[in-house]
Every structure is written in structure tokens, then in C-alpha cells.
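Visitor: pasting the sequence and the predicted coordinates here, then a few questions.
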Amino acid sequence: MSKGTSHGKDGKEEEYVIVEEKVVKYNGEIAVKRYQRGRFLGKGGFARCYEFQNLDTKKISAAKVIAKSSLTKSRAKQKLMSEIKIHRSLHHNNIVGFEHFFEDSENVYITLELCSNQTLNELIRRRKRLHELETKCYIVQIISALRYLHSHRIIHRDLKLGNLFLSAKMELKIGDFGLATKLEFDGERKRTICGTPNYIAPEILEAKQGHSYEVDIWSLGVILYTMLIGKPPFETADVKTTYRRIRMNAYTFPDHVHISESAKDMISKILTNDPAKRPTLDELLMHDFLYNEGSIPRLLPASTLACPPSATYIKQFQSDDYSPRRIPDVKDRIKKVSEAEKEDTSSRPESRSYKGPKVWVKKWVDYSSKYGLGYLLSNTSTGVFFNDSTKIVLDTDGHNFIYYERRSSDKKDIGTSHTLGDYPKDLQKKVTLLQHFRSYLEGSNKKGEGEESKSIGTERMKKDEEEKKTEPKADIAKKEMSDDTVYVKKWMRTRHAIMFRLSNKVVQVNFQDHTEIILSSESKVVTYVNKKGERLTYPLSTAMESSNMEMAKRLKYTKDILTHMLQSNQTNRTTKDTTDKK
Ligand SMILES: Nc1ncnc2c1ncn2[C@@H]1O[C@H](COP(=O)(O)OP(=O)(O)OP(=O)(O)O)[C@@H](O)[C@H]1O
């Protein structure tokens, strides 16, 4: 490290610090990389953090500078080595990127991806608390990073607002792996007492059974509470009282801050003292708070660093079908499922006690090269998702249909009800297409297999088009269709599968090998259709641990697509498949 002075724009003398990294090349020569130390970013327990600019590439990074004098004890050295070893192995968009580490005579330097918008700690200090939509956006990103960490057997163990960084693009990035640990095997229990008082899980304090991945989920609950309420749930003036409160699970929701029932429900499910009863990351993704109440922005605008998002902004993400009345029903259903689980703790399929969804996609044809996706539902109604994102669905009686258009102001689907004998003229083409899709799907024995059925579909539809021109229209009085008409709200194709998201909260994934996953978020069950066409229904909570590897693998794939969909706010048809690349 060397110091010098230069003359700034205003002619004043400015001190600068240059840090040199000596790299021994494979031929034994020594190359020197030079960095100019810039803005001071912050100070942690044993590191000072600065902006570092690589003078060759001009790239600016964050650099943690750790004085060697603070590393005299072998424990401190070991901790730093473990942090480096774990952090450098991680590559995920929601984890602070590890770039490089080196040393000189005075310090150890770790260069990291620069997160120029500070941490959620500073954000909450400025904003006091966040809007639920913002918390959803951040929580989904944290879950995404945790799924990655836990699948690599890494527990972070120090999740808190101060370790959640924001990049220039407003991406959330988990940082500081100083307390992280990698398990040797999945059932291993850790015994070291570590964490930050407000966020520490009760099982760490008890220390009897050891702890595992669930400690990160506990901290996620504390984070969610803190973002919504403005202060941590167990905070008191002294650490001992805080620990006592954690052990006794003593926290309340203050009256002066309004938060939704689903947010409260998610927090209370997470803040369960028994780690085995805490929801898994996948269950959290399916929780009403994240799943059933409109869409979630992939990233938030930078204006939210200083002030809350505007009402117009929030409205874009609100869903037409959110009804607070549904929540008690969902609770009842969860209760029923968990009671049934108590009776049978094995993950044996229980088609008798666990009912799968009533309506799902039976056949489909992808004709999006021209018009859209046609489908036949298990209740015999037919629908089309047109390329312009309008939808049409013909009732089971074959006469009444609803036409859905997306209102641009709030992105809600607005449906109008008509009959085949009486509908506005401008719907003529779409109605004709609906009838063609219907006769194709009802006539075909195929389940729908993308490319193949597309070509069959094209021929068959042309023929039908000729024949149907003369068919008289049924003249039946306009009849209101029930609110619970089921239709495809979103769909997406990947290399291996096609996914449908239905208006009855069912997510269905049909794989190319004819297996299917049907997730019903309302009844919290998953139905798996295996290669032989057998339907097996499991409670969602046990399905992930199922010994049916074939299903577990496909369920994981489904969750990956789902995370992808939650983060992208478009109505997508064929999406670049990030999940396939993993
Ligand atoms: N990637 C980054 N981008 C921008 N600022 C950062 C980055 N990493 C750390 N900082 C800043 O530097 C400060 C210190 O970093 P950090 O907390 O990781 O150090 P530490 O000594 O490991 O802290 P702790 O005591 O929490 O273990 C942070 O509070 C933050 O303000």
C-alpha cells in the first residue's frame, strides 16, 4: 500500500492510496495489479470496506480490508479462511459476487461485487418501514438465494437487514459469509452458538439438539417482520431479555401498523420455536402472501430508496382475484391437511384423504406461431389464450363463453359474458378460432405434445375452418357464467415442459415424458401423474421429502419455473429457460 497526492479538478491537493497486488505468473515472473482506493463504504467487526478501482480495467469493486494485526489469533484467521472458502464457491444473482482475494504486508484484501445502494438496514432507517409489495419483492429474492445456498448444504447463520445489500440495479444480494457453514451431510447438526441477537433462532439458544437450515428461515421471518413493522419482533434494551423473549416466542403485532392477514400468517408460521414445524422455502413460495395476491415486481424502482412506491405503481401488481374472505378458508384447509398428516406421517400417497384439484388441463395445442394456445379442461370446457393476451373460455354447456381482456390501468382480467349466438362483431375471429380449437381438441386423442400436435392441429384446423363456415349459430339467451369459471391465466414453455397457471390457483406442468405435476395452492396438495398415467396425490408438506424420486425431481423443476415466473411480471408464452441451464 502506498500513499501519494494528486491535484483534483479544483486544483486542491488530494491524497490517494494505491494498493498493489503481486501475482506470480506460471513462468515465475511477477506481475503487478494496481488498485486505487476510493470512497469508504463502511466498517464491520474486523473489516473496513472501500471502493477499489482496478487501474488496468477501470472496474470498480468493493474491497474488504482486514488488517493482519487483527488476525493474530488462529481462530480469527480460521474464520476468515472459512468465509473466503465458502463465499468464493458461490455464484448466484442474489448473492454478493466474490471476485478475488490477495494480501500485502499489512492487510488481507477481498474484492467483491460493488453494491452501491447500501443495505436494507440503511433503507429501513430512511424509510421506517416498507410497503408489502416491496417486502414481497425482497423476500422472493432472499428465498431464491437461500434455495441455492441450502441446496449446496450451506447455512448462512447471520441473515439480517445489514447483510442484505442492494446493487445499483436494486437487486438484493446476500453478503457477509463470516458465520456461514457448510454441512458435511444433510442431517448434520451444528452446535456453535452464533448469530446476531435480534435474529437468532431459539434452537441456537437452546443448543441441545444442534441447529440446521431452519435457522435461516427463522431469520427470514424476523426480516419480514422488521421490514413491515419497522423494528425487530424481539427487540429489547438488553440482550438477555431479547433471548428470553425469543425462547418464549413473545412478540406481538402492534395495532398502529396495518399489515395484511396473509403477512401475519406467514410471519407466525415462520416464527415457530420448533424448527421442524417451520415452513420450508418451497412452502413459503406457495404461501398466500407470495403466491395468491397479484404479481410481484422483479425489481423495485430506485425511487423506493427514499420514498414509498406510488399508488399507481402498486396498482399494477394487484390482482383481480384477491379476496380477503378466502383466508379463513385456506386456514381451515391447512388445518385439515395437517390433522390428516398427524394421522399418517409417512409420505405415502393418500388419494382418499387428499383430494387433488377439480379442474386441470387435459389437452392442449400450441398454435402460438399464429394464434395462441388452445386447451381442453377436465371439466370439458375449452379455452384459448390468444397471442395478444386476451383469453376466451367456453363453458361446459358449449354455448356460453367469457372473453377476458387485460385492463391496462391495473392489469386485471376483465371478463364479459356472451353466448355463441349473441356476441359483439369484433369477437367473430376469436370465436371462430375457439370453435376450431375445440373441435380439434375434442376430436384428438392426443394429450397435446407441442410441435407434433401443432402440425396435426394446423391441418385439422384448416379443414374444420371450411366445414364450420356454414354451421348455424345457436341462439341461446345471454346467461351469466359463474365467477368460478376456470381458465388459463398464464402459460410458458421450456425445453422440457409446458406450464399452465390456472385461475383456480392451480399450477400444472406437463413434461415431455408425459408425466405431470399439478400443484393446488388452495388445498396445499400436489398431484403427480406418472408415466403410466396413475394419479397420486400427496400433501405438499411431505411431497418434497417423498421417496418417489421421479416426482421429487419434477416437483423441484416446477418450483424453479415458479420462482422464475414470480419474478417475471410478463404474461409469457415461450420464455428463455433459465431453469434448464442449471
Ligand atoms: N459488496 C459491498 N458493496 C458495498 N458495500 C459493502 C459491501 N460489502 C460490505 N460493504 C460495506 O462495508 C461494511 C462492512 O462490511 P462487513 O459488514 O461485511 O464487514 P465485517 O467486518 O465482515 O462485518 P460484520 O461485523 O458484520 O461481520 C458494511 O456494513 C457495508 O456498509
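Guide: That came through, no problem. Since the model is a prediction, treat every value here as computed from it, not as a measurement. Numbers count the residues shown, from 1 in each chain.

Visitor: how about the contacts made by the residue nearest to Ala47 when sequence neighbours are not counted?
Guide: Once flanking residues are discounted, Ala47 sits nearest to Lys64: 4.2 Å by C-beta to C-beta, 6 or more residues apart in numbering. For every residue, glycine as well, the C-beta is placed using N, CA and C. With contacts defined as C-beta atoms under 8 Å, 6 or more residues apart in numbering, Lys64 is in contact with Gly44, Ala47, Arg48, Cys49, Tyr109, Ile110, Leu112.

Visitor: let's verify Lys64: helix, strand, or coil?
Guide: strand (DSSP: H, G, I helix; E, B strand; the rest coil).

Visitor: closest to Thr272 among the contacts of Lys64?
Guide: Gly44 (30.8 Å; C-beta to C-beta).

Visitor: Asp413 and Lys22, how far apart?
Guide: Distance from Asp413 to Lys22, counting by C-beta to C-beta, to the nearest Å: 62 Å.

Visitor: how about the residues of the stretch 101-250 of the chain near the ligand?
Guide: Leu112, Glu113, Leu114, Cys115, Gly162, Phe165, Gly175, Asp176, Gly178 (C-beta under 6 Å from any ligand atom).

Visitor: of those residues, which belong to strands?
Guide: Residues from these lying in strands, with DSSP state E as the criterion: Leu112, Phe165.

Visitor: highest neighbour count among the residues of the stretch 101-250 of the chain next to the ligand?
Guide: Within those, most neighbours by other C-beta atoms under 10 Å means Phe165, with 25 neighbours.

Visitor: show me which pair in the residues of the stretch 101-250 of the chain next to the ligand is furthest apart.
Guide: Most distant of these, by C-beta to C-beta, are Leu114 and Gly178, 18.8 Å apart.

Visitor: other residues contacting the one helix or strand Thr242 maps to?
Guide: Element membership for Thr242 (DSSP states H and E) is helix 239-248. With C-beta under 8 Å, 6+ apart as the contact definition, helix 239-248 has outside contacts at 197-198, 200-202, 205-206, 234-236, 250-251, 273.

Visitor: could you rerun that using 6 Å?
Guide: Pro197, Pro202, Leu205, Phe234, Thr236 (C-beta atoms under 6 Å, 6 or more residues apart in numbering).

Visitor: quick one: secondary structure of Cys307?
Guide: Cys307 is classified as coil under three-state DSSP.

Visitor: so what's it scoring on pLDDT?
Guide: We have a pLDDT of 94 for Cys307.

Visitor: tell me the contacts of it?
Guide: So Cys307 contacts nothing (C-beta under 6 Å, 6+ apart).

Visitor: isn't Asn504 up against Val486?
Guide: Yes. Contact status for Asn504 versus Val486: in contact at 4.8 Å, counting by C-beta atoms under 6 Å.

Visitor: near the ligand, which residues of this structure show up?
Guide: So the chain meets the ligand at 41-47, 49, 62, 64, 96, 112-115, 162, 165, 175-176, 178 (C-beta under 6 Å from any ligand atom).

Visitor: ok, now with 8 Å
Guide: 41-49, 51, 61-62, 64, 66, 83, 96, 112-116, 118-119, 121-122, 158, 162-163, 165, 173, 175-176, 178-179 (C-beta under 8 Å from any ligand atom).

Visitor: over to Leu90. Which of the three states is it?
Guide: Leu90 ends up coil, using three-state DSSP.

Visitor: next, give phi and psi for the residue lying closest to it once chain neighbours are set aside.
Guide: Of all residues not flanking Leu90 in the chain, Phe98 sits nearest, at 6.6 Å (C-beta to C-beta, 6+ apart). Backbone torsions for Phe98, taken as degrees, to the nearest 10, come to phi -90, psi 130.

Visitor: of Asp413 and Lys22, give the one with the bigger neighbour count.
Guide: Asp413 (18 against 11).

Visitor: can you tell me how far that one sits from the ligand?
Guide: According to C-beta to the nearest ligand atom, to the nearest Å, Asp413 stands 41 Å off from the ligand.

Visitor: any weak-confidence spans in the stretch 151-300 of the chain?
Guide: Within the stretch 151-300 of the chain, no range satisfies pLDDT under 70.

Visitor: ok, which stretches of it are helices?
Guide: Ranges of helices in the stretch 151-300 of the chain, per DSSP state H, counting those that start in this stretch, are 202-206, 214-229, 239-248, 261-270, 281-285, 288-291.

Visitor: pull out the buried positions in whatever helix or strand comes next after the shortest one.
Guide: Elements were assigned by DSSP H and E; along the chain past helix 288-291, the next helix or strand is helix 311-315. With burial defined by 16 or more other C-beta atoms under 10 Å, the residues of helix 311-315 counted as buried are Tyr313, Ile314.

Visitor: can you list the residues that contact helix 311-315?
Guide: Here helix 311-315 has contacts from Leu133, Asp410, using C-beta under 6 Å, 6+ apart.

Visitor: cool, and stretch 109-118?
Guide: Contacts of stretch 109-118 (C-beta under 6 Å, 6+ apart): 52, 60-65, 96-97, 99-102, 165-168, 173.

Visitor: wait, a strand at Ile414?
Guide: Yes. Counting by three-state DSSP, Ile414 is located in a strand.

Visitor: residues near the nearest residue to it once chain neighbours are set aside, how many?
Guide: With C-beta to C-beta, 6+ apart as the criterion, Ile414 has its nearest non-adjacent residue at 5.2 Å, and that residue is Arg407. Applying other C-beta under 10 Å, we find 10 residues neighbouring Arg407.

Visitor: what does the one 10 residues further on give?
Guide: As a burial measure, the neighbour count of Ser417 was computed by other C-beta under 10 Å and equals 16.

Visitor: what score does whichever residue of the stretch 351-500 of the chain sits closest to the ligand have for pLDDT?
Guide: Here the stretch 351-500 of the chain gets closest to the ligand at one residue, Thr494, 32.7 Å apart by C-beta to the nearest ligand atom. In this model, Thr494 is scored at 84, pLDDT.

Visitor: so it versus Val529, what's the distance?
Guide: 18 Å.

Visitor: check Leu166 too.
Guide: Leu166 is 42 Å from Val529, by C-beta to C-beta.

Visitor: Leu183 too?
Guide: 34 Å.

Visitor: over to Cys194?
Guide: From Cys194 to Val529 the distance is 45 Å (C-beta to C-beta).
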